[in-house]
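Undergrad: Pasting the sequence and the predicted model now:
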Amino acid sequence: MTELQTPIAEREIDRSQMKVSDEIAIEINNMNKWYGTFHVLRDINLTVNRGERIVICGPSGSGKSTLIRCINALEEHQKGSIVVDGTLLSNDLKNIDKIRSEVGMVFQHFNLFPHLTILENCTLAPIWVRKIPKREAEETAMYFLEKVKIPEQALKYPGQLSGGQQQRVAIARSLCMRPRIMLFDEPTSALDPEMIKEVLDTMIQLAEEGMTMLCVTHEMGFARSVANRVIFMDQGQIVEQNEPEPFFTDPQNERTKLFLSQILGH
Amino acid sequence: MTELQTPIAEREIDRSQMKVSDEIAIEINNMNKWYGTFHVLRDINLTVNRGERIVICGPSGSGKSTLIRCINALEEHQKGSIVVDGTLLSNDLKNIDKIRSEVGMVFQHFNLFPHLTILENCTLAPIWVRKIPKREAEETAMYFLEKVKIPEQALKYPGQLSGGQQQRVAIARSLCMRPRIMLFDEPTSALDPEMIKEVLDTMIQLAEEGMTMLCVTHEMGFARSVANRVIFMDQGQIVEQNEPEPFFTDPQNERTKLFLSQILGH
Amino acid sequence: QSTLEQVQARGSLLCGSNEGLAGFAAPDANGVWQGFDVSLCRAIATAVLGDPQAVEFVPLTSQTRFTALAAGEVDVLVRNSTWTYSRDTDLNLDFVGVNYYDGQGFMVRSDLGVSSATELDGATVCIQTGTTTELNLADFFRVNNITYEPVPVATNAEGQQQYLAGACDVYTTDVSGLAATRATFENASEHVILPEIVSKEPLGPVVRHGDNDWGDIVRWTLNALVAAEEYGVTSANVRELAAAPTANPEINRLLGTEGELGAMMGLANDWAVNVIAAVGNYGEVFEQNIGENTPVGLARGLNAQWTDGGLLYSPPFR
Amino acid sequence: MSDTHAHSVAFARDTMLPPAPPPPGETGAIRWIRENLFSSWSNGLLTIVSIYLIWSILSAILPWTLQGIWDAGSLGECRAIRDERGLSTAACWAVINERWLQILFGFYPTDNQLLASWFYSDELAAAGGLEAVFGPGSNSTARIEFIAAMKADIGNLVVFFFGYWRPLMALALLVVAVAPILYSSLPRKLLWFSLAYPFVAVFLLWGGTIWGPVSVAVGLVAAILVGRVVAAASGALLGMLAGIVAVLAIFLNPLPFADIGLFPLLPHVTGVLNAAMPIGLEAIPSDDFGGFMLAIIIGTSGIVLSLPLGIVLALGRQSSMPLIKWICVTFIEVIRGVPLIVWLFTASLLLNYFLPPGTNFDLLLRVIIMVTLFASAYLAEVVRGGLAALPKGQYEAADSLGLDYWKAMRLIVLPQALKISIPGIVNTFIGLFKDTTLVVFIGLRDPLGLTNAIRATAEWNGIYWELYIFVGLLFFVFCFFMSRYSMYLERKLQTDRR
Amino acid sequence: MADVTEPPRESFRLSQLLYDSRYRSLTIQVVAAMLIMALLVELVDNTVTNLAALGKDIGFGFLWTTAGYDINQQLIPFSSQDTHARAAVVGILNTLLVAFLGCILATVIGVLAGVLRLSKNWLIARIMTVYVEAMRNTPLLIWILIVFAVMTEATPQPREFREGGSASMILWDSVAISNRGVYIPRPVWAEGSGLVVAVFLLSIVGIFALRWYARRRQEATGQQLPVLWISLGLFFVPALLAYFVMGRPVSLEYPELGGFNFTGGVQIRNSFIALWLALSLYTSAFIAEIVRAGILAVSKGQTEASFALGLQPNRTMQLIILPQALRVIIPPLISQYLNLTKNSSLAIAVGYMDVRSTLGGITINQTGRELEGMLLLGIFYLITSLIISALMNLYNSSVKLKER
Ligand SMILES: Nc1ncnc2c1ncn2[C@@H]1O[C@H](COP(=O)(O)OP(=O)(O)OP(=O)(O)O)[C@@H](O)[C@H]1O
Ligand SMILES: Nc1ncnc2c1ncn2[C@@H]1O[C@H](COP(=O)(O)OP(=O)(O)OP(=O)(O)O)[C@@H](O)[C@H]1O
Ligand SMILES: [Mg+2]
Ligand SMILES: [Mg+2]
């Protein structure tokens, strides 16, 4: 694995902006989830402060994706509570809508809308959900497209872009909704190495601007340089969490050690 | 890029066998080819002696594949002449057949026949083109399969083999026609790093046995240790050719330098 | 190769027939064809091949029948086809006789209270497509200046279904067909056949134009049946009468005990004997299949011998 | 952990939590019902509406079906029985009971000699023995009566299994012949039987002397051999030409002045052989074919015969030669642009016009020809899809090994393309099979035609539902399983390709 | 080896025709052309010979002779004294009518069934599966016959509508469903009705204008209008107002039982309904599968991405799923339309007077011009198919997804 050598180190990362406030952005209490009789998430407790950047890692099938999908109400949880930005995630559709418009999500496979141009991808939700005038939405979109450094692609279709570019569009698309929290589910794992850099750069930039982020990733370089906290999950539970340096250098739990030795060992 | 570290060096290569005779195997004179109005190959002049091992490299789209496909009459050229083993490549189908049965070709994507077993893949052409009795063809096939070290897979189907094994079968399949010249078009670029070694080993073995080879590849380790000559192509022309050592250490042409710095620089 | 030779070489007669019209032609549960038209086919087969069973019945729709005959798919068409000028001339067919004098009529429910076809203004009429009835119907209503609504149906069975279900008020086809159809009804008495006969529908066997020798055989087979009835030759007494010449020279010539009439057509001399023995004379055929004692229950009417005031009149056998 | 503060507290678990069972109401039937039937109030409403719908349909159909009367001689009797039993509604299945053989086989004759000598030997003896009843001089009317009585006595099931052994055997062998094509795990040797099957089937179904199909087969083999010999000597193209010429020479009249029509050589050979060794079955003319059997015959022969033609058309459509491509495209588009029924009418009304004067073959054969042409256009499109799905590398690999066009096609391209196309072929077959019902319009007695014939009789006049339902079910069962099979194949192909 | 700079000029040899790739394909094509020509010549020659033997010729003059038969359903006036050509046109219009309406109904039912088959409701999904399988695996002809039998056997005869009969008209005595067809009221246009119609047309224009305006407004301000409700209102209210203001100028002529049949009103014939329904039901099953496949072809990720952006399920359907599914759905959908059009020739089973029954049926039968009749019939269907597939190709190329 080459993650540790990813070119993040080359970039001066400005941690000064990345202040963590005392406000609570997400609070998860004793959350449990089952698929049928399969217990995927077990007693999850997690508090995320505004401005925190959390990296979640863990072996495949450990429930990382499920966890962040629960936060966005893409999956229902069966027990416990999730409060996002003061809004309790319940079956109340209004709450779900509210939370979803506060929380942006970036998927492993980008999930851009292939029938819309990049610009339309970015303006769709602001126009239809936020009810922002089209002109204004387009301006916002261009602003964020510039931020992810592909304004010139605005009128192309997703199919015409490379993977890295697509993922950056996906990030811009989420940002256009001006979310206060961003969730990333392995945003770089479907990309070729050269493209990973582009996307990580964009994410670091976001972090520098103080965005609250939950990121499922195995890019340890990213975790080290950006995260406040790294969470290790296994078998649906949070096994260990710590700040990045101690997490990587001095893991406590056996499983964590094993996992880290596997992904760093190569 | 990791080509320079490929494990070829680990192997003692016996260059003593690789004598080059004075006979001419392939002679290309002022060959030109167009796709529509696009001039892919421009004034190619190339003479390959029997027993020579030539590596062709160059940036993507420079016409490397097209060149070796012309030699095998998979593509028609429009100007100039190609003489393979004394046979002029013309529109005469008999000549084409003759040349094709003299020249073996290995593709980037193996192109094994998935509906036939490995053995059948290898015996098909000898039986139907050379009209060799089945028994005999099978013996030959087993001989070559042993040579590429996978006799035990003979009765499996290509889909059941790993990429490296498939490529070795593809080489064996070509060899079964007992060609005097082998063409390789990026034989390792679709393979995972571990498998590249297997295939390169096979190719080195072939070289040691004195086979005339033209190989499009970016495996510089292979070029260094096996080739007599490295040819650099760009924009459809042969820009530089030289023996491997001087080629790599002291390229003359600017473009060659740029290219070498790119592929060796990382 | 003439049709006669073809038939003899083949060993069986290809007879174009109706797909199913009770009394005239329909296969029974065992697939054996029965009916008035069928008997004529069997008679021809007997005349030519000596075996009444040596017939292949080729069911033809009203749309395919003439083409099938013209193309040689059948040797003879006995499928209640009307002899008309244009069919005889333009379609290149030869009608060689009339085995049933028919006319187009109308059947309605008796409780409609209709007593004449001229009262049918605005009625819905079921009619088989591809037949002369279609043209007659159009003519009749136009001439009488009344309107109607045609409901085209493909087969008699379908027409019957539509009529019984009340999807049409009137079913029109040849009177014989009407009677045959009515015969199968649960309550036949609730339906009446109106008195108007709006057309002449002489139904008869058809052969290809120019196939004259073969036409002769078909024509004279039919005539033999008619003549036999006229002379009182029946299936019961024909062997006896044929054993030795009788007093009536007509009978003798018909049955081959005198003269060489059979040879003139290339048949055995006793061909008529076999025919009558196998299927009976015209009267017998009629009574067996469509006569008053059968479910179809047709009266002889026009189809009586000329001696009885009908139209059946066989040219002399001489 | 809500009391922990993110910045200060590192956390490491020392005991792993065991999986717990989900809370009640999250599993079992209740959850299933809640999730699948009442997940929202609109869904609940839908559920209730559907239950009502199902109930009303079943309550209309079930009593009628289940109270149906199986034993009656006519519709009138059925009605009488119904009234007698005091039922308000009852199907009259008696018509199926009486006529199912006819719906299955049309008027295809039963093997009466076999039936009589096996099941009716005493009565046969009483009637004077086999020779007297079935012999050449036998009185035909008496024979028919004898057979009718026999069949009534021994019952439909026995007649089905023994009287119709020829079509049944043809069908069973069809399954054997098709199996190695559909299941590649079966021994490849069976493919030889598949090749021979058409001749076996023709012999079984149409009967006549065995030397007919045998000499045709031998003729074909001879032509192929000639083609191969020439091909080996001077190339595939000339070989094919030679093969075609040989076929023409063997099967068609090579001498324009010899006015003997089609098959000039074969009948003589056949005649001689037959005289020397008369082996054969009772010959049965095509006119007697009917019922579901007819649908199977037309459908199967249509697909089988159209396959080679469809492949040629598909290859032609992919050809780089403009003229060939143009011819194939025109043919395919014309055939597909016009409804089958128009083609069938063409077969019945016009085909004879296009053939040399004097040629005349029976309607069934003409229909099969037309259906074959029709299916070949559709198959061509299916096969084209298969060809297009093959990666270009396969063609190139074949080229680079020195295989010529035909060898590459036969050994590399077609085996793969056809395998991919099998689901499409099966679907085409289903379509074709359903379309065979259209032959009723040109006077062939397919199952629907037979329902008309049955209704034309006095006993069963006015009966529809029972017949339509029976025929519909026959087709449904057949097509349903075929379509399931093709879906299964599709799925299997999908996983195979990964 | 000598330097070969130019291929030696060789003289042309005959064997090059077969063994030179430049000439080979030419040779093959010439041979193929000759074979095809020979075949065509043979066919034409046979036809001419056969026709001559039958004493027939080829000519289309029969089209201008009197047809002599009546057609019940006529979209243009026709009487038995009109020509065969006009009868053919009547048939063509009938074919196109049933095909057109069939396509519409089949689409409606098919889309519904396809969507319901994907419903979360287990029962509905099962019912739809049964429906689709039953339709797809039974010959169309059987469905036509069954629907027709239902129409004739299960609906009352006109006479049942008489006093004391068992049937009665529905919808306030305005519609009669009988086994001869469905009779519905016919509008009678009195003076002033022109205005009502004009108002109605205007309000339809208004609806389009409204949609355009709503779009503009949304783009400008982000506000969305309840377009659906306003459109519905616009559709009905102005026309109704005009209707009453003008003193109810449009009246309805109700079907009434008189003589043998209903008179007045519009009769929608049974044969038409049966064919229309059966074609629609049968085709709808195939369309349902197409729709289902189309929707399934849009990956789940698209829905999730849309949800994650906060779009509501119905907006997700409208903005994300449908536009993508339609690209997958439309091409096979159009080939189903083609099938339906061709299948409408099964009109023969119910006596619906389509072009096959008039030109290809009665006309051929009355005139004996089967060659010419079938030719014209084939050409008609061919042209129809070609037009439909041309439209399909046009659509396909216009919606093709942009790829790299
Ligand atoms: N829809 C579902 N139904 C049933 N089980 C599911 C479903 N989705 C996921 N699972 C199971 O839940 C467990 C957790 O899945 P999840 O996708 O959250 O894992 P992950 O940690 O994200 O793994 P990966 O690194 O492979 O993405 C896995 O065992 C998976 O098989
Ligand atoms: N069939 C074709 N039609 C038109 N242009 C083609 C075709 N095949 C290749 N080309 C073009 O010809 C040029 C040379 O292609 P070629 O495949 O020989 O390059 P290459 O050196 O092998 O590149 P790579 O390293 O990517 O395989 C490219 O610009 C390519 O786009
Ligand atoms: Mg995951
Ligand atoms: Mg290349």
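TA: Thanks, I have the structure now. Ligands and ions are numbered 1, 2, ... in the order given.

Undergrad: Now do residue C:286, the pLDDT please.
TA: Residue C:286 is assigned a predicted lDDT (pLDDT) of 91.

Undergrad: So which bits of the helix or strand hosting it are buried?
TA: Using DSSP states H and E, residue C:286 falls within helix C:282-289. For helix C:282-289, a neighbour-count test (16 or more other C-beta atoms under 10 Å in any protein chain shown) marks C:282-286, C:288-289 as buried. (Each C-beta comes from the backbone N, C-alpha and C, glycine too.)

Undergrad: same deal with stretch C:42-60?
TA: For stretch C:42-60, using 16+ other C-beta under 10 Å, the buried residues are C:42-49, C:51-60.

Undergrad: picking up where we left off before, dump the buried residues of helix C:282-289 to CSV, plus distance to chain D.
TA: Output for these, formatted as CSV (distance: C-beta to the nearest C-beta, whole Å):
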residue, distance to chain D
C:282, 20
C:283, 20
C:284, 15
C:285, 15
C:286, 18
C:288, 13
C:289, 13
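
Undergrad: How about the backbone phi and psi for residue D:18?
TA: Taking degrees, to the nearest 10, you get phi -80, psi 150 for the backbone angles of residue D:18.

Undergrad: That one and ligand 1, how far apart?
TA: According to C-beta to the nearest ligand atom, to the nearest Å, residue D:18 and ligand 1 sit 16 Å apart.

Undergrad: do residue C:187 as well
TA: Residue C:187 is 67 Å from ligand 1, by C-beta to the nearest ligand atom.

Undergrad: give me the number of residues near that residue?
TA: Residue C:187 sits with 10 neighbouring residues when counted by other C-beta atoms under 10 Å in any protein chain shown.

Undergrad: Report the contact partners of it.
TA: By C-beta atoms under 8 Å, 6 or more residues apart in numbering or on different chains, the contact list for residue C:187 is empty.

Undergrad: For the helix holding residue C:286, name the packing helices and strands.
TA: helix C:36-49, helix C:212-231 (3 or more C-beta pairs under 8 Å, 6 or more residues apart in numbering or on different chains; DSSP states H and E).

Undergrad: Export these as TSV, with columns for distance to residue D:163 and mean pLDDT.
TA: Listed next are the helices and strands packed on helix C:282-289 as TSV, based on distance: least, C-beta to C-beta, whole Å; pLDDT from 0 to 100:
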stretch	distance to residue D:163	mean pLDDT
helix C:36-49	24	91
helix C:212-231	34	91
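
Undergrad: any residues touching the helix holding residue C:286, and which ones?
TA: By C-beta under 8 Å, 6+ apart, the surrounding residues in contact with helix C:282-289 are C:23-24, C:34-36, C:38-40, C:225-226, C:228-229, C:234-235, C:279-280, C:293-294, C:296, C:298, C:300, C:303, C:305, C:312.

Undergrad: which among those end up buried?
TA: C:23-24, C:34-36, C:38-40, C:225-226, C:228-229, C:234-235, C:279-280, C:294, C:296, C:298, C:300, C:303, C:305, C:312.

Undergrad: Ramachandran angles for the nearest residue to residue E:122 once chain neighbours are set aside?
TA: Spatial nearest neighbour of residue E:122, excluding adjacent residues (C-beta to C-beta, 6 or more residues apart in numbering or on different chains): residue D:36 at 3.7 Å. Backbone torsions of residue D:36, given as degrees, to the nearest 10, read phi -100, psi -20.

Undergrad: got a list of what residue D:36 touches?
TA: So residue D:36 contacts E:120-123 (C-beta under 8 Å, 6+ apart).

Undergrad: and stretch D:409-420 with chain E, contact?
TA: No. Using C-beta under 8 Å from any C-beta of the partner chain, we find that stretch D:409-420 stays clear of chain E, coming within 14.6 Å at best.

Undergrad: is that stretch anywhere near chain B?
TA: Yes. Judged by C-beta under 8 Å from any C-beta, stretch D:409-420 comes into contact with chain B at D:411-412, D:415-416, D:419.

Undergrad: so which residue of the stretch 151-300 of chain D comes closest to chain B?
TA: residue D:232 (8.4 Å; C-beta to the nearest C-beta).

Undergrad: ok, now which ones touch that residue?
TA: Residue D:232 neighbours (C-beta under 8 Å, 6+ apart): residue D:239.

Undergrad: Is chain E within reach of the longest helix that chain A contains?
TA: The single longest helix within chain A, with elements called by DSSP state H, is helix A:193-208. No. Judged by C-beta under 8 Å from any C-beta, helix A:193-208 stays clear of chain E, getting no closer than 13.8 Å.

Undergrad: After that helix, which helix or strand is next?
TA: strand A:212-216.

Undergrad: Can I get the next helix or strand along the chain from that next one in PDB? Just the C-alpha atoms.
TA: Using DSSP H and E, the helix or strand that follows strand A:212-216 in sequence is helix A:220-226. This file holds the C-alpha atoms of helix A:220-226, laid out as PDB (Å, rounded to 0.1, in the frame of the first residue of the first chain):
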ATOM      1  CA  MET A 220      -3.500   7.200   6.700                       C
ATOM      2  CA  GLY A 221      -1.500  10.200   5.400                       C
ATOM      3  CA  PHE A 222      -4.700  12.200   5.400                       C
ATOM      4  CA  ALA A 223      -5.700  10.900   8.800                       C
ATOM      5  CA  ARG A 224      -2.300  11.900  10.300                       C
ATOM      6  CA  SER A 225      -2.200  15.400   8.800                       C
ATOM      7  CA  VAL A 226      -5.800  16.500   9.100                       C
END
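
Undergrad: Can you list the buried residues in helix A:220-226?
TA: A:220-226.

Undergrad: rewinding a little: report the separation between the residue nearest to residue E:122 and residue D:29.
TA: 10 Å (C-beta to C-beta, to the nearest Å).

Undergrad: One more: residue E:117?
TA: 24 Å.

Undergrad: Looking at the two, which is more packed in?
TA: The neighbour count for residue E:117 versus residue D:29, taken as other C-beta under 10 Å, is higher for residue E:117 (20 against 7).

Undergrad: What helix or strand is the nearest residue to that one once chain neighbours are set aside located in?
TA: Nearest non-adjacent residue to residue E:117, counting by C-beta to C-beta, 6+ apart: residue E:128, 4.2 Å away. If you go by DSSP H and E, residue E:128 is part of helix E:122-136.

Undergrad: Which strands or helices does that helix pack on?
TA: Going by 3+ C-beta pairs under 8 Å, 6+ apart, helix E:122-136 lies up against helix D:41-66, helix D:465-497, helix E:84-117, helix E:270-297.

Undergrad: so how far is the helix or strand following that helix off the chain centroid?
TA: Moving toward the C-terminus from helix E:122-136, the first helix or strand encountered (DSSP H and E) is helix E:140-153. Put simply, helix E:140-153 sits 20 Å off its chain's centre (C-alpha atoms, centre = their mean, to the nearest Å).

Undergrad: Next, the residues that contact helix E:140-153 from outside, please.
TA: Here helix E:140-153 makes contact (C-beta under 8 Å, 6+ apart) with C:161-162, C:165, C:167, D:434, D:437-438, D:440, D:448, D:464-465, D:468, D:471-472, D:475, E:135, E:179, E:270-271, E:273-275, E:277-279, E:281-282, E:343, E:346, E:349-350.

Undergrad: Narrow those to just the buried residues.
TA: C:161-162, C:165, C:167, D:434, D:437-438, D:440, D:448, D:464-465, D:468, D:471-472, D:475, E:135, E:179, E:270-271, E:273-275, E:277-279, E:281-282, E:343, E:346, E:349-350.
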